[in-house]
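1. Using only what follows, build the 3D model:
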Amino acid sequence: MDAFLIVARTLHFAATAALEGTFVFWCFIARPAFRQVQTARALEAQLDRRLLALSWISLLIALASGVVWLFVVASQMSGAPLATILPQGVVGIVLTSTQFGEDWRLRAALLIVIAACLAAQGRVWKRAWCWIGLVSSAALAASLAWAGHGAAAEDVPWDAVHLPADILHLLAAGAWLGALFPLALLLAAARRDGRPEGMAVARAATLRFSTLGIASVATLVATGLVNTWFLSGTIPALVGTLYGQLLLVKVLLFTAMVAIASVNLRRLTPYLERITGDAFTRLRALGQLGRNARIEASLGVFVLAIVGIIGILPPGLHTEPGWPFPFRLDLNEIVAGAQTVLVVAALLFVLCLAACAITAEKKNYRGMAASIAGLVLFGIIGWMALRPGIVDAYPTSFYAPTQPYAAPSIARGAPLYAANCAACPGVDGRGDGVLATRLPIRPADLTETHIFAHSVGDIFWWVSNGRANGVMPGFADKLTPDQRWDLINFVLARAAGAVARATGSRVTTAAAPPLPDFAFEQLGAQNTLSQTLKTGPVLLILFAPPAPRARFEQLATLTPRLGAVGLRIIAVDLAQPTEKAAAGAASAAPFVVNVSDDVRASLALFRSATDGDETELMLDRGASVRARRTTNGAGGLADAATLLSDAVRVASIPVAAANHAGHAH
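-> Numbering: from 1, shown residues only. Next up is the predicted model:
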């Protein structure tokens with residue numbers, strides 16, 4: 001079924017591009033060129049007949065492939081075989097009740113208008129029908145954007161750019177690719193004609209097509225960058241997914257087409273512009289231009305075939321990327337000074353590269369030699385600065401967790417750790433398990449900050465396949481992928497708790513341990529920590545019964561002032577309170593919330609037995625613990641002035657943007 005869909009999409013895109021390109025060629029290239037050369041009427045009539053035949057063939061292919069596309073989509077939506085969807089009325093339902101059906105009816109109507117324009121060619125109002133056909137064919141090409149990924153964008157404001165970029169991309173592609181074959185027909189006809197009039201028409205048409213090509217290529221590059229950002233906006237998504245790999249092949253084919261177009265513009269077109277000179281040379285250039293146009297058109301067909309394939313694939317950002325290289329770049333491993341050297345060396349390397357190209361064009365060999373020397377020098381300097389950032393990588397290095405870093409996952413991961421891991425790194429994860437002394441390599445302390453220096457994808461690979469020459473076994477055959485992510489979330493939460501317990505009372509802007517997300521009920525309404533943090537920082541209070549009523553009363557009086565600076569308070573009883581105790585705590589302060597046992601167990605990782613009755617954690621908008629105070633700690637709990645100043649400072653700490661590659665499934 002997918003094969004039918006790919007072929008139908010490819011043919012439909014190709015035919016639509018051919019229709020748009022033919023009308024673009026008629027209106028903007030052929031007609032103006034022939035107006036400049038009034039004596040080439042016979043050549044114009046011959047070209048019109050061929051372009052008319054090409055348009056009819058393209059229209060019929062567009063119609064037939066559109067029908068096949070409709071039937072395949074109807075079969076996929078209904079789950080019914082192709083042979084039964086028409087008798088069962090499935091096609092009618094798809095046409096009248098789905099977005100795809102509405103788009104298909106619009107394209108069918110546009111095809112009817114184009115057919116009327118083609119039927120009127122050579123009869124009445126020839127010029128008017130040509131322009132109507134141009135507008136209709138451009139609308140037909142633009143309507144294909146609603147069959148792509150850009151139409152599915154819902155986030156604003158940036159995703160609102162995606163659909164317009166898709167439309168411009170389709171229009172530019174149709175204008176350039178679709179006009180290549182008509183150009184080849186004109187050049188071939190002019191070469192066969194051999195007369196000066198035909199050469200003049202070919203020269204005028206080629207110059208006009210060059211202008212069209214430059215505008216189209218610029219549009220394709222700009223809109224292609226936008227589309228790539230939204231669909232495969234990271235290197236892992238580009239090189240590690242089938243969607244991204246096909247997109248790279250498409251870019252290579254596009255680059256080859258631009259290279260051929262550059263040869264046409266810089267090397268061959270000047271021969272046609274010369275009024276005097278060898279006629280044989282001009283005819284040979286004309287033949288080479290036609291051949292190159294046919295090669296470009298052939299490469300364009302392959303590009304459209306790739307478009308037909310990737311249109312049915314999930315975008316790279318929605319697919320787990322399998323990293324194909326044994327290394328990756330981690331800029332966090334490069335010290336600040338070396339990063340500055342790297343940036344400067346990279347800029348100078350690019351400048352030397354540009355100078356090398358300019359001097360080569362001017363045949364300034366001394367300048368070219370100096371530029372090459374600069375390339376070597378700054379390349380070596382850049383590599384030396386970059387080398388510490390080259391770290392080991394694995395196929396799963398850029399995986400996103402399928403289980404969120406949240407209390408339910410952590411609760412599921414705790415017994416998995418106890419059953420499979422506690423014997424080596426120990427019950428508390430400090431590398432002191434009962435088998436630790438028997439191993440040739442002592443297990444690492446899993447409560448130290450080094451664990452956060454690794455990507456979760458790296459950790460997933462180690463948990464799945466083992467490491468350290470078999471000292472740590474892999475669990476791919478014992479635990480499902482979701483269970484492995486639960487196990488990882490538990491290990492990360494326990495390490496975060498250990499780091500948080502060492503956090504001081506002063507707000508820190510350095511890397512901070514993340515608190516897991518959790519759900520709670522407050523005043524009869526359901527909420528989560530992540531949703532609450534969207535409005536500003538949170539003061540999380542973890543207490544053991546009895547509730548600290550005096551502190552709660554103090555915070556209750558401060559609530560309006562704290563709310564004015566964006567700070568919310570959430571208080572959690574880490575014991576299992578009775579219904580009466582819970583009601584009493586809630587009556588003492590409205591910020592006391594009800595949580596499940598899983599949440600209590602996860603949050604308990606962020607307390608210690610020496611904290612006293614209460615622990616207060618100041619969380620930034622990314623859920624990182626920026627300050628920690630306890631009743632038994634030095635200085636005790638914060639006073640009103642300190643809380644207000646801390647809230648303002650924590651609110652100003654920038655939070656890392658959501659990972660553009662992070663679409664967990």
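
2. So which residues of the protein form strands?
-> In the chain, the segments counted as strands under DSSP state E are 327-329, 390-392, 519-522, 525-528, 538-543, 568-573, 592-593, 614-619, 625-630.

3. what packs against the fifth one?
-> Under the contact criterion of 3 or more C-beta pairs under 8 Å, 6 or more residues apart in numbering; DSSP states H and E, strand 538-543 touches helix 529-533, helix 549-564, strand 568-573, strand 614-619. Using the backbone N, CA and C atoms, a C-beta is placed for each residue, glycine as well.

4. ok, Lys543 - contacts?
-> For the record, residue 543 is Phe, not Lys. The contact partners of Phe543, taken as C-beta atoms under 8 Å, 6 or more residues apart in numbering, are Ala571, Val572, Asp573, Leu574, Asp613, Glu614, Thr615.

5. And the furthest pair within those residues?
-> Using C-beta to C-beta, the contacts of Phe543 span at most 13.1 Å, a distance reached by Val572 and Asp613.

6. So for the two, which residue has more residues nearby?
-> Higher neighbour count among Val572 and Asp613: Val572, with 20 against 15, using other C-beta atoms under 10 Å.

7. beta partners of that one?
-> Leu542, Val593 (DSSP bridges).

8. Run through the protein and note the low-pLDDT ranges.
-> The model of the chain has pLDDT under 70 over residues 1, 122-126, 148-159, 271-282, 468-470, 578-588, 656-665.

9. got the domain boundaries for it?
-> Structural domains assigned to the chain are 2-318, 327-392, 407-501, 519-652, following automatic domain parsing.

10. Quick check: which of those domains is nearest to Tyr399?
-> The closest of the domains of the chain to Tyr399 is domain 407-501. By C-beta to C-beta, the value is 4.0 Å.

11. tell me how far the ends of the closest one are from each other?
-> 18 Å (C-alpha to C-alpha, to the nearest Å).

12. Met472 reaches Cys424, doesn't it?
-> Yes - if you go by C-beta atoms under 8 Å, Met472 and Cys424 touch, sitting 7.3 Å apart.

13. who has more neighbours, the two?
-> Remark: of Met472 and Cys424, Cys424 carries more neighbours, 22 against 19, as counted by other C-beta under 10 Å.

14. and the gap between Ala259 and Asp458?
-> 39 Å (C-beta to C-beta, to the nearest Å).

15. which residues does Ala116 contact?
-> Ala116 touches Trp129, counting by C-beta under 8 Å, 6+ apart.

16. what would the strands of the chain look like in CSV with distance to Trp383?
-> Output for these, formatted as CSV (distance: least, C-beta to C-beta, whole Å):
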stretch, distance to Trp383
strand 327-329, 12
strand 390-392, 9
strand 519-522, 49
strand 525-528, 46
strand 538-543, 44
strand 568-573, 48
strand 592-593, 53
strand 614-619, 41
strand 625-630, 37
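
17. Can you check which of those strands gets nearest to Ala189?
-> So among those, strand 327-329 is nearest, using C-beta to C-beta, at 53.5 Å.

18. strand partners of the closest one, parallel vs antiparallel please.
-> strand 390-392 (antiparallel).

19. And the partner strand, how far out from the chain middle?
-> How far strand 390-392 lies from its chain's middle: 23 Å, per C-alpha atoms, centre = their mean, to the nearest Å.

20. For that strand, which residues meet the burial criterion?
-> Val391 (16 or more other C-beta atoms under 10 Å).

21. Give me the distance between the residue nearest to Gln526 when sequence neighbours are not counted and Thr528.
-> Nearest residue to Gln526, sequence neighbours excluded (C-beta to C-beta, 6 or more residues apart in numbering): Ala519, at 6.6 Å. From Ala519 across to Thr528, the span is 5 Å (C-beta to C-beta).

22. quick one, which of the two is more surrounded?
-> A count of neighbours by other C-beta under 10 Å puts Ala519 above the other of Ala519 and Thr528, at 19 against 14.

23. mind listing what that one touches?
-> Ala407, Gln526, Asn527, Thr528, Val595, Ser596, Val599.

24. mind redoing it with 10 Å?
-> 406-408, 526-531, 593-596, 598-599 (C-beta atoms under 10 Å, 6 or more residues apart in numbering).
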